[in-house]
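Undergrad: Okay, here's the prediction I keep looking at, along with the sequence it came from:
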Number of protein chains: 2
Amino acid sequence: MKLLKEKILKEGIVVGSEILKVDSFLNHQIDISLMQEIGKEFYRRFKDCGINKILTIEASGIGIASIAAIYFDVPVVFAKKAKSKNLDAETYKSSVYSFTKQAHYDVQVSKRYLNPEDRILILDDFLANAQAALGLIDIINQSGATLEGIGIVIEKGFQDGGQILREMDIKLESLAIVNRFEDGKITFIEHSEA
Amino acid sequence: MKLLKEKILKEGIVVGSEILKVDSFLNHQIDISLMQEIGKEFYRRFKDCGINKILTIEASGIGIASIAAIYFDVPVVFAKKAKSKNLDAETYKSSVYSFTKQAHYDVQVSKRYLNPEDRILILDDFLANAQAALGLIDIINQSGATLEGIGIVIEKGFQDGGQILREMDIKLESLAIVNRFEDGKITFIEHSEA
């Protein structure tokens, strides 16, 4: 997605060879106009999949999913990371390993909000090693719902998440796929229409 | 806001005398059509305030703020609760006490995303004792930006947050104000046009 790649080149900050900070428009400050274009693009790529619910994970995924959901005209469910006092006792739960934090954490979705009839699109800001996505897929499988696809804003092409999901025959659409950052430089991998 | 109150009466679940669960449309599953109506209503109430940025706090505030921001045509900034490896070193920080968790936590906003020229609208899902709102106000004051108003989806009228903020002469607009729940029953307090 050209507009997104231009934004990444203009405002993305590279730290070392693996970290890309996009705080200015994606995961701290949110550029709402860009998010609408991203929402439209996800809709264009998944509109024929019969999606009736979008699933994401707190926190950065929520803004992206909420705006995209306008174009799909479906509700959003966001999986919770922390134990919440107010969460239903009956949840689907999966354990996710965070390489960044080097620790496991639980993701949970109340059983009320996933059903066997649901046809789910997972949306998230980043795809690196796919641990969070695998946790959400596990939860979807527990519920009996169907995963129709996964939409990612920025995939790190040098980590194995994309390969893992594509080998599972999942329809994965990443709007931008970045290479490992050499000399602080951002380049993109061209993959289908990313 | 009539549509919101009807939704609360239809789907809200009362636990004890003080907890209202609105997981089905606000803070776990998100009803995107309702969120658009809520966004329009916030815009109607604050459109003459010169807002150029919406500030909220992760996680439940993000969906509300992102959709409302479409009507204001401004960016969203969400304050972070957890320590993030990728967060800028330079942040405005405030300590917030959570009565639910009976512990303090820090909220942070990168100094890049709040400036003295900013005219801020704070949006959040719930207002109870205003601790989170006071933390955000502290951060706005540190940055030199101007707080133009606070918009809340559901105010708990039986807790003191509303009073604290109104006594600070802040333009506070709550779309529904609920009474203490007696016998599991939800009733509303009529306050201006809430």
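TA: Structure received.

Undergrad: Give me the sheet partners of the longest strand seen in chain A and which way each runs.
TA: The longest strand of chain A (DSSP state E) is strand A:146-156. Take DSSP bridges as the rule and strand A:146-156 pairs in its sheet with strand A:119-127 (parallel), strand A:172-178 (parallel).

Undergrad: can you list contacts of the last one?
TA: The one in question is strand A:172-178. Defining contact as CB atoms under 8 Å, 6 or more residues apart in numbering or on different chains, one finds that strand A:172-178 is touched by A:1, A:4-5, A:8, A:20, A:38, A:41-42, A:45-46, A:127, A:149-158, A:162, A:165-166, A:186-192, A:194. C-beta: built from backbone N, CA, C; applies to glycine.

Undergrad: and it, how far from the chain's centre?
TA: On the basis of CA atoms, centre = their mean, to the nearest Å, strand A:172-178 sits 10 Å off its chain's mean C-alpha point.

Undergrad: quick one, what contacts the residue sitting nearest the centre point of chain A?
TA: Centroid-nearest residue in chain A: A:Asp124, 1.5 Å away (criterion: CA atoms, centre = their mean). The neighbours of A:Asp124, taking CB under 8 Å, 6+ apart as the test, are A:Thr56, A:Ile57, A:Ser60, A:Gly61, A:Ile64, A:Ala132, A:Ala133, A:Ile150, A:Gly151, A:Ile152, A:Val153.

Undergrad: can I get the residues you listed in a markdown table with neighbour count and pLDDT?
TA: Converted to a markdown table, those look like this (neighbours: other CB atoms under 10 Å in any protein chain shown; pLDDT from 0 to 100):
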| residue | neighbour count | pLDDT |
| --- | --- | --- |
| A:Thr56 | 28 | 98 |
| A:Ile57 | 26 | 96 |
| A:Ser60 | 24 | 92 |
| A:Gly61 | 27 | 96 |
| A:Ile64 | 27 | 98 |
| A:Ala132 | 25 | 96 |
| A:Ala133 | 25 | 97 |
| A:Ile150 | 27 | 98 |
| A:Gly151 | 27 | 98 |
| A:Ile152 | 28 | 98 |
| A:Val153 | 27 | 98 |
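
Undergrad: Which two of the residues you listed have the greatest separation?
TA: A:Ser60 and A:Ile150 (15.4 Å; CB to CB).

Undergrad: hey, which helix is longest across chain A?
TA: helix A:32-46 (DSSP state H).

Undergrad: Please point out which parts of that helix sit buried.
TA: A:Ile32, A:Leu34, A:Met35, A:Gln36, A:Glu37, A:Ile38, A:Gly39, A:Glu41, A:Phe42, A:Tyr43, A:Arg45, A:Phe46 (16 or more other CB atoms under 10 Å in any protein chain shown).

Undergrad: Chain B: which of those is nearest?
TA: Distance to chain B across the buried residues of helix A:32-46 (CB to the nearest CB) is lowest for A:Ile32, with 4.4 Å.

Undergrad: Excluding chain neighbours, what is closest to the closest one?
TA: The shortest distance from A:Ile32 to any residue other than its chain neighbours is 4.4 Å, reached at B:Ala69 (CB to CB, 6 or more residues apart in numbering or on different chains).

Undergrad: in a strand, that's where the one you found is, yeah?
TA: No: applying DSSP: H, G, I helix; E, B strand; the rest coil, one finds B:Ala69 to be helix, outside a strand.

Undergrad: Any figure for the gap between it and B:Phe99?
TA: B:Ala69 sits 29 Å away from B:Phe99, going by CB to CB, to the nearest Å.

Undergrad: What's the local residue count around the spatially closest residue to A:Phe99 that is not a sequence neighbour?
TA: Spatially, and ignoring its direct neighbours in sequence, A:Phe99 is nearest to A:Asn129 (5.9 Å; CB to CB, 6+ apart). Number of residues near A:Asn129 (other CB atoms under 10 Å in any protein chain shown) recorded here: 17.

Undergrad: and what of the one 5 residues further on?
TA: Applying other CB under 10 Å, we find 17 residues neighbouring A:Leu134.

Undergrad: element containing it?
TA: Taking DSSP states H and E as the definition, one finds A:Leu134 inside helix A:131-143.

Undergrad: Against which helices or strands is that helix packed?
TA: The contact analysis (3 or more CB pairs under 8 Å, 6 or more residues apart in numbering or on different chains; DSSP states H and E) places helix A:131-143 against strand A:53-57, strand A:76-79, strand A:91-98, strand A:103-110, strand A:119-127, strand A:146-156, helix A:161-167.
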